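Visitor: Following is a predicted model, sequence given first.
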Amino acid sequence: MILSADAIWKLLTAVRERQPLVHNITNFVAMNNTANALLALGASPAMIHSSDEVEDFVAISQALVVNIGTLYSEQIAASKLAAMRAHALGIPWILDPVGAGATPYRRAAANALARLEPSVIRGNGSEIITLMEQTQSGQGRGVDSLHGSETALDAARRLAADTKAVVAITGAVDYVTDGRRVAAIENGHPLMARVTGLGCSATAVTGACLAVEPNAFAAAVAGLAVFGVAGEIAAERSPGPGTLQVTLLDALYALDEATLKTRLRARIG
Amino acid sequence: MILSADAIWKLLTAVRERQPLVHNITNFVAMNNTANALLALGASPAMIHSSDEVEDFVAISQALVVNIGTLYSEQIAASKLAAMRAHALGIPWILDPVGAGATPYRRAAANALARLEPSVIRGNGSEIITLMEQTQSGQGRGVDSLHGSETALDAARRLAADTKAVVAITGAVDYVTDGRRVAAIENGHPLMARVTGLGCSATAVTGACLAVEPNAFAAAVAGLAVFGVAGEIAAERSPGPGTLQVTLLDALYALDEATLKTRLRARIG
Amino acid sequence: MILSADAIWKLLTAVRERQPLVHNITNFVAMNNTANALLALGASPAMIHSSDEVEDFVAISQALVVNIGTLYSEQIAASKLAAMRAHALGIPWILDPVGAGATPYRRAAANALARLEPSVIRGNGSEIITLMEQTQSGQGRGVDSLHGSETALDAARRLAADTKAVVAITGAVDYVTDGRRVAAIENGHPLMARVTGLGCSATAVTGACLAVEPNAFAAAVAGLAVFGVAGEIAAERSPGPGTLQVTLLDALYALDEATLKTRLRARIG
């Protein structure tokens, strides 16, 4: 069963044993904590973003993470090259369309990348809705975080059907869908929203899971579950967001089978 | 009374309630801790720096922060576009002229930006003196941190008169002036100088205050006071600068009315 | 005696007293923790990477650090300009050839920089072996971390002889060689490998030592010894890599003579 705690634990164990090389083309805000989240998890991160070498580097990696947080033109070019090469070689890749709806430039970039056959797309509700509208009508929207989970989930289902990607929406409850099945993960903690780049780290952790698990739906559920459990453990130990950023890495590093199984709140929704 | 603890507390409360979107074009060293300081404070940060989208993004923001720490040519172009657009739309913006006197390139960039009508300019003593000399004579200087507060304060008064910006000098004592009035804030702690990017974070926190307070003098006093109080609380709890960086975010997040009012040491100097 | 604990302590004291300005052209992942390591040590870091100002800035600095972790073309150009200017002015500089063997682009850049007369080159075993092969035959290799210390040490000796640089290999045991002498430092802790950018910080700390010590062999031994001792103190206090990143800065800041002398495990190997 894809959602069983046993399966998620085995997937985490596989990451720790195989230490997959995860190639990240990501934003400058979250670059440090993303690399640290991957190291704490047990993966081997590399942040390589020049068009002069991304195709060579992705070819020796086990997964690719593309995140458009601090977008610039050279990054779009490099991300396209890397994503196309990854796809050609059968290497899974994940797209994080940060702020996809905020400007026309960002909408266009996110939409172009979403068409390059990512294995998984992970965003918040507004980002997923924006991408869905893009792939259907070409129209965009401004920044908006006022979408209920219901609305976003419907958009996620359609986006998954359109792009063939597994789509993950993170929020108070995280949802993962391949267009047919929907998984819901209820781990995590509200204080996590007060630390920058944790969504980016969740995407990268999911990328590490993709590196060892060919079933993208299972990898996305495992990645968000592990990250959510570590996050809630950290939040319980933290008087504020500064401490949370630090203890989250400790919790990812130390997460054991009993803790994961006791805390996991995932279901087919 | 602008400097009353009540007024500062109300301003902080307004930031927490309205969660203003603060657009940052900032340096790569401080990008993560700046975003985290804004989130801990209660604002909503975005780091957007491409010329292809800064004009669109600043238009949906409530304040703009420009920081030249890791300057490069495309950043100068993007910062000018964003600052001019902000000014045209009546959106307040704040300039942090990091290392303004270190090289001719940096002096020219800082000077050009200072002419684009920022609401506030915040720097250390040497940076403010450099900017003042620039706006008057076109001559520059090297790196120099040996300026007494008296000298820098005089330069700040004249720079404020020349640029119509409120000018803030941070150091052992922070000063804020609009060219006529001068406020002095004696919060903070020497250990803060051993953590990179805290000046950048102080600028960003002031930017968040500008987003909710049209009086730039009041916003600058409030921003530096809140940051200084949080910093001294954190320093008292920290054996060294590593812990200080973390606990400062916790202290910004948890700062309450009684603590602020007990610790505040601000006066019209 | 170069390796005496007394000599290392005096060198650290000199850094703390003179607070040398250390110019860094480094990667985006480690930029924040590198600056913080230098500040915690007692040096004055600056991250300046535009070709428009690196020559001016290095001229007022006491040492230069070049790190190719997140390489891009403009960084190669700026690093060459800064390194040549530093060499012309007699300012020491250190090269960190991150991932030198991963792609042809990276191999070429690392090799070109290694020819510009760095005072010290610091890398892991695979990076040093890659550089050695480059300087001799022009052939490269992929990512490979499976080189024993023996093999890398032999490559380090030859690389030192070829480039006239002191070469440092970090790993379970750190080695420093000028082509004839070899020093071994056995401080440090395995948990340090789970925090991103600590190799980069070790390079920068060595750069700060070069700023106050003309003997590059002594500076490299002192830099790696101080960093290793601080790292192992921090690891003993840390439940995981998140806390380690923070407490390492506290330990660098607080390192005293008795602790250094008790813990130091350095020898001529």
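Guide: Nice, thanks for sending it over.

Visitor: beta partners of the nearest residue to A:Ile268 once chain neighbours are set aside?
Guide: In space, and not counting its chain neighbours, A:Ile268 is closest to A:Ala183: 5.8 Å by C-beta to C-beta, 6 or more residues apart in numbering or on different chains. In this view, the C-beta of every residue, glycine as well, is placed from N, C-alpha and C. A:Ala183 forms beta bridges with A:Val176, A:Ile268, as assigned by DSSP bridges.

Visitor: got the residues of chain A near chain C?
Guide: A:21, A:28, A:31-32, A:35-36, A:39-40, A:45-50, A:52-53, A:56-57, A:60, A:74, A:245-254 (C-beta under 8 Å from any C-beta of the partner chain).

Visitor: all strands in the stretch 101-250 of chain A, in order from the N-terminus.
Guide: A:120-123, A:166-169, A:174-177, A:182-185 (DSSP state E, counting those that start in this stretch).

Visitor: one step back: hmm, which of the residues of chain A next to chain C are the buried ones?
Guide: Neighbour counting by 16 or more other C-beta atoms under 10 Å in any protein chain shown classes A:21, A:28, A:31-32, A:35-36, A:39-40, A:45-50, A:52-53, A:56-57, A:74, A:245-253 among the residues of chain A next to chain C as buried.

Visitor: Read off the pLDDT value for the residue nearest to A:Leu153 when sequence neighbours are not counted.
Guide: Sequence neighbours aside, A:Tyr175 is the residue nearest to A:Leu153 in space, at 5.4 Å (criterion: C-beta to C-beta, 6+ apart). Looking at A:Tyr175, its pLDDT reads 96.

Visitor: so A:Tyr175 touches A:Thr151, yeah?
Guide: No - contact criterion C-beta atoms under 8 Å: A:Tyr175 and A:Thr151 do not qualify, at 11.7 Å.

Visitor: Looking at these two, which has the bigger crowd around it?
Guide: The residue with more neighbours, out of A:Tyr175 and A:Thr151, is A:Tyr175; 24 against 14, by other C-beta atoms under 10 Å in any protein chain shown.

Visitor: so who does the more buried one touch?
Guide: A:Tyr175 sits next to A:Ser149, A:Ala152, A:Leu153, A:Ala156, A:Ala168, A:Ile169, A:Val182, A:Ala183, A:Ala184, A:Ile185, A:Gly269 when contact means C-beta atoms under 8 Å, 6 or more residues apart in numbering or on different chains.

Visitor: mind checking pLDDT for A:Met1?
Guide: 47.

Visitor: rewinding a little: and the strands of the stretch 101-250 of chain A: which comes nearest C:Ala14?
Guide: strand A:120-123 (49.5 Å; C-beta to C-beta).

Visitor: so for stretch A:25-38, what's the average pLDDT?
Guide: In this model, stretch A:25-38 has a mean pLDDT of 97.

Visitor: Can you get me the start-to-end distance on it?
Guide: 14 Å (C-alpha to C-alpha, to the nearest Å).

Visitor: Could you name the helices and strands sitting against the helix or strand A:Thr262 falls within?
Guide: Assigned by DSSP states H and E, A:Thr262 belongs to helix A:257-263. Counting contacts by 3 or more C-beta pairs under 8 Å, 6 or more residues apart in numbering or on different chains; DSSP states H and E, helix A:257-263 packs against helix A:5-18, helix A:216-236.

Visitor: Please list the residues outside it that contact it.
Guide: So helix A:257-263 is contacted by A:Ala5, A:Asp6, A:Ile8, A:Trp9, A:Leu12, A:Asn187, A:Ala225, A:Val226, A:Val229, A:Glu232, A:Ile233 (C-beta under 8 Å, 6+ apart).

Visitor: Would you convert the residues you listed into CSV that also reports distance to B:Ser201, pLDDT and neighbour count?
Guide: Below are the contacts of helix A:257-263 laid out as CSV (distance: C-beta to C-beta, whole Å; pLDDT from 0 to 100; neighbours: other C-beta atoms under 10 Å in any protein chain shown):
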residue, distance to B:Ser201, pLDDT, neighbour count
A:Ala5, 40, 94, 16
A:Asp6, 44, 96, 12
A:Ile8, 37, 97, 26
A:Trp9, 39, 98, 20
A:Leu12, 35, 98, 26
A:Asn187, 30, 96, 21
A:Ala225, 33, 98, 30
A:Val226, 31, 98, 28
A:Val229, 30, 98, 26
A:Glu232, 27, 98, 21
A:Ile233, 27, 98, 21
